[in-house]
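S.K.: could you work out the structure for the sequence below:
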Amino acid sequence: EPIRKGASIWRLDPDFDRLIPQDKYEAAPPHLRELLDRYAYPSPDKPGFIVYEVDNGRFMNHAERPNTDFSQYGGATAIRDIAAGEEITCDYGEFFQDFAHLHPVAAEG
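M.R.: Numbering: from 1, shown residues only. Below you'll find the predicted structure:
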């Protein structure tokens, strides 16, 4: 369905989105670390933790010119009208501090 500019499109939900201590991540078996490497990111407000979103937010792709704003950690809004069927994108650098440095090819678009 279409999404209007300014609409809330995602909120961090502590009942479903998990904060994982870095030491638990490092001790995890390889298959679990691989999952977290793909879908988790360092917590912007809790050093030493990573965030794993259990909802479909984890499937959002990075874009240089995204159609959402994640600059206020914990929530996101549409920055323009988004058509039904259009991919919802975000700038990973808005919530993953070292994204461009650690993933230069992805950051280039």
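S.K.: around Ile3, count how many other residues there are.
M.R.: As a burial measure, Ile3 scores 19 neighbours (other Cβ atoms under 10 Å). All C-beta atoms are positioned from the backbone trio N, CA, C, and that covers glycine.
S.K.: what ranges do the helices span in this structure?
M.R.: Taking DSSP state H as the criterion, the chain contains helices spanning 22-27, 30-39, 99-102, 104-107.
S.K.: pick out the shakiest of the ones you listed, pLDDT-wise.
M.R.: Lowest mean pLDDT within the helices of the chain: helix 104-107, a mean of 46.
S.K.: just the CA trace of stretch 56-64, in CSV.
M.R.: Taking C-alpha atoms only, stretch 56-64 is exported to CSV below (Å, rounded to 0.1, in the frame of the first residue of the first chain):
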residue,chain,number,x,y,z
ASN,A,56,10.9,-7.1,8.6
GLY,A,57,12.9,-3.9,9.2
ARG,A,58,16.0,-6.1,9.0
PHE,A,59,15.3,-6.6,5.3
MET,A,60,15.5,-2.9,4.4
ASN,A,61,18.3,-2.1,2.0
HIS,A,62,20.8,0.7,2.1
ALA,A,63,20.5,3.6,-0.4
GLU,A,64,22.5,6.8,-0.9
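S.K.: show me which residues of it are buried.
M.R.: Gly57, Met60, His62 (16 or more other Cβ atoms under 10 Å).
S.K.: wait, the last one sits on Phe95?
M.R.: No: in this structure, His62 is not within contact of Phe95 by Cβ atoms under 8 Å, at 10.9 Å.
S.K.: next, count neighbours for Ser8.
M.R.: 10.
S.K.: pull the number of nearby residues for the closest residue to it other than its chain neighbours.
M.R.: Spatially, and ignoring its direct neighbours in sequence, Ser8 is nearest to Thr77 (5.6 Å; Cβ to Cβ, 6 or more residues apart in numbering). The tally of other residues near Thr77 (other Cβ under 10 Å) stands at 17.
S.K.: Thr77 and Cys90, how far apart?
M.R.: Going from Thr77 to Cys90 by Cβ to Cβ, to the nearest Å gives 11 Å.
S.K.: now for these two: what residues contact both?
M.R.: Residues within reach of Thr77 and of Cys90 at once, by Cβ atoms under 8 Å, 6 or more residues apart in numbering, are Thr68.
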